[in-house]
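Q: 3D, please:
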Amino acid sequence: NIKNIIKRDGTLTEFSLHKIADSIFRAAETVGGKDKALAIEIAHDVVAILNQKYADTTPSAENVQDIVERMLIEKEHIKTAKAYILYQHKKNEEQAKARQHYAQGGLNFSQEAIRILERRYLLKDMQGNLTENPEQMVQRAAKNIAYADTFYGATNTEMKATEDIFFSLMSELRFLPNSPTLMNAGTKTQQLSSCVVLPVEDSMKGIFGTLHDAALIHQRGSGTGFSFSRLRPKGDPVGRNIGVASGPVAFLGVFDAALDVIKQGGVRPGANMAVLRVDHPDILRFIECKRDKKSLKNFNISVAATDNFMKAVEQDREYFVINPKNEKYVGKLRARDVFSVIVQNAWKIGDPGLLFIDEINRKHPAKNLGEIETTNQCGEAPLLPYEGCVLGSLNLNKFLNKEFTAVNWDLLHTTIHEAVHFLDNVIDMNNYPKPEIEEKTKRTRKFGLGVMGFADVLVKLKLKYDSEQALEFADTLFSFIKNAAYEKSQQLAQLR
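A: Numbers count the residues shown, from 1 in each chain. So this is what the prediction gives:
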């Protein structure tokens, strides 16, 4: 005889004929049935079939339910069968909600969000079993990042108040930090930054030293950005050796192959940015290097477009390409031809992107510290060599009124201030893989505050994406975000 059944959550529970009879009778009562003895009789018939069908295995709750439904229909208790099906469906929904609530830890996350969190973000023991739920994850991150306030004289009471603010900020989904912060805050790793830019010098030691550093950074959960513009072009003589240089594209392939075997923090493939100046002799090889749709799966690539190049495109003239080894002109290219190849490849495969490198350096507030050559792996944060960057995003869906007619500017302003405070604290709490990265990152304290849900907001406000009204709204919104972020940054600078 059957002793156990498998519940929907995968656990075993003791089999009970009386539970089957009770569920049948409750369904019958909803349609006017009053014969409890008949419900028990049908339950016995169900058990007989179960004992026969599952003599050597353990049935599941779904197996039992299917047989009850079939038995009610065969015995022509059609109304009771319908009521039973509806009752079980409602019960299943309630159990699913209860399981979801337990998995969330009380937070209002979707089931898909919980699945992603369980797969990538929530802490696990050595056997792979979860040791926290989403609420505990958020609490862990909030507590850890709030601790940075004590470095600037905050009391324990003040730190706890900051922790509560950070917890609300994330649990209400008004703001979320980058993945490494959610994964690693409060752990032994404490690798919190999203990205680091590393220099690639024109020597074997420089190239492979950078690759070594990049591997360690990826292993700890961050991405990397590189400029290969300093490397001499393919075919150029190499020092005293009787040989020629492989060129930037060849070494880019080496980086891609090496970093392909390392997952970021052990949970996801690595991401990288490779940049080459448009006046590098190998620029056409670089532009075409992903055209086969197979190469460089771990890299985004971008062309660093100079002012001179863009003017040459406008005027349809040639421009010089320069050997970075000796900064001598080594040839000319027609600008519009190069620009056409960039556009064709961008349309076909999504790469390369364009970085207006001179404009970036003009607008860089710390231009006295050096020249920016590249960005982080996704292109949103131009960084100096060895600078790291932490990222976070405002969830714009949380700042509309209930009628979807206006933005709650006060709540957005408060959230921006809290998010800037959070991200600045991350810089102090981060564990840096190299002393140079810590020194350069803390010198400029850069972070990226982005947004998500912009298209959703336009839909809710009934603004067409490419309309003048949408452009005006975007200008107003992002100016507001920038000004509020600068305002809080200045306050923190005065305090710290």
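Q: neighbours of the residue nearest to residue 154 when sequence neighbours are not counted, how many?
A: Nearest non-adjacent residue to residue 154, counting by C-beta to C-beta, 6 or more residues apart in numbering: residue 162, 7.2 Å away. Bear in mind the C-beta positions are built from the backbone N, C-alpha and C, glycine included. Neighbours of residue 162 under the rule other C-beta atoms under 10 Å: 23.
Q: tell me the helix or strand right after the host helix or strand of residue 162.
A: Secondary structure from DSSP states H and E places residue 162 in helix 156-171. Per DSSP H and E, the first helix or strand lying C-terminal to helix 156-171 is strand 175-177.
Q: now that next one: how far from the chain's centre is it?
A: 10 Å (C-alpha atoms, centre = their mean, to the nearest Å).
Q: cool, and stretch 68-85?
A: With C-alpha atoms, centre = their mean, you get 48 Å for stretch 68-85.
Q: which residues does that stretch contact?
A: The contact list for stretch 68-85 (C-beta atoms under 8 Å, 6 or more residues apart in numbering) reads 20, 23-24, 27-28, 30-31, 33, 42, 45-46, 49.
Q: got a winner among the residues you listed for most neighbours?
A: Most surrounded of the contacts of stretch 68-85: other C-beta under 10 Å gives residue 24, at 28 neighbours.
Q: next one: the residue nearest to residue 154 from residue 191, what distance?
A: Applying C-beta to C-beta, to the nearest Å, the value for residue 162 to residue 191 is 22 Å.
Q: who's in contact with the spatially closest residue to residue 130 that is not a sequence neighbour?
A: Residue nearest to residue 130 in three dimensions, not counting chain neighbours: residue 122, with 5.3 Å by C-beta to C-beta, 6+ apart. Contact analysis of residue 122 by C-beta under 8 Å, 6+ apart lists 130-134, 137.
Q: swap in residue 273?
A: Counting by C-beta under 8 Å, 6+ apart, the residues that residue 273 touches are 223-226, 299-302, 374-379.
Q: ok, residues contacting the helix or strand residue 146 falls within?
A: Following DSSP H and E, one finds residue 146 within helix 134-146. By C-beta under 8 Å, 6+ apart, the surrounding residues in contact with helix 134-146 are 103-107, 109, 113-114, 117, 121-123, 132, 159-160, 162-167, 169-171, 177, 181-182, 185-186, 190, 422, 425-426, 429.
Q: which phi and psi does the most centrally placed residue in the chain have?
A: Residue closest to the mean C-alpha point of the chain, counted by C-alpha atoms, centre = their mean, is residue 179 at 5.5 Å. Dihedral pair for residue 179: phi -60, psi -50, per degrees, to the nearest 10.
Q: right, and it touches residue 121 too?
A: Yes - with contact defined as C-beta atoms under 8 Å, residue 179 counts as touching residue 121 (7.1 Å).
Q: between the helix holding residue 162 and helix 134-146, how many degrees?
A: 130 degrees (axes from the mean of the first three to the mean of the last three C-alpha atoms, to 10 degrees).
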